[in-house]
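> sequence plus the predicted model coming up.
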Amino acid sequence: MAKIKKKVKSIRVDADKCSGCRSCEIICSAYHAEPKYSIINPARSRIRVIMHRTNDIWLPVFAGEYTAAECMGRDKYFIDGKEYEECSFCRAACPSRDMFKEPDSGLPLKCDLCESDPPLDKPKCVEWCHDDVLIYEEREEEVEEDVKIDDMEIGLKALVDKHGMEKLLETIARMSQKN
Ligand code: SF4
Ligand code: SF4
């Protein structure tokens, strides 16, 4: 694997400032709707705000990688006297919960930093967060060149895990005969 210079994009989360307004969930789901802005449904958002009002917890978490297997153990965190439930900080779409999955199909969702052509100045959730919780950052880094797994590949992998490769190929063959 070759080393290359790459622009690394990230979003820093200053969770202490979060008011739980959920604007980030609204705009993310609208921006990724087909066609764009046709539907608002936080359940389709690639950022979710973990909320425990009595504990004064508002924790924005971005959808990360899909995983076919649940963790064998779970972690509880105590930070500044607040107790965070198991899985609160986890970014995975995994079989143990409905988080970061399309509500209809169950297919996993992953934050793509609002990739678009031409690129946006900043991701939509950052633009819509008026409490400055989400801060967009870019930096140059030397990294190993990697194979990029896009949304399509993640979705297909989930379908293979769920139904098996043979069933998936049969379905694609049947669909292509109809078109
Ligand atoms: S938009 Fe900002 S303040 Fe509102 S819930 Fe999201 S992260 Fe928190
Ligand atoms: S960066 Fe874009 S895709 Fe990722 S959570 Fe924010 S709005 Fe959604």
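Yep, that arrived. Ligands and ions are numbered 1, 2, ... in the order given.

> any idea of the pLDDT on the residue sitting nearest the centre point of the chain?
Nearest to the geometric centre of the chain sits residue 63, at 2.1 Å (Cα atoms, centre = their mean). On the pLDDT scale, residue 63 is placed at 97.

> tell me the pLDDT of residue 88.
Per-residue pLDDT puts residue 88 at 92.

> contacts only, for the residue lying closest to it once chain neighbours are set aside.
Using Cβ to Cβ, 6 or more residues apart in numbering and skipping the chain neighbours, the partner closest in space to residue 88 is residue 50 (5.0 Å). Glycine gets a C-beta too; all of them are placed from N, C-alpha and C. Remark: with contacts taken as Cβ atoms under 8 Å, 6 or more residues apart in numbering, residue 50 is in contact with 57, 58, 59, 60, 61, 84, 85, 88.

> same check, this time on residue 141
Residues near residue 141 by Cβ under 8 Å, 6+ apart: 5, 6, 8.

> for the protein, what lies in contact range of ligand 1?
Taking Cβ under 6 Å from any ligand atom as the measure of proximity, the chain contacts ligand 1 at 18-24, 49, 58, 60, 128-129, 131, 133-134.
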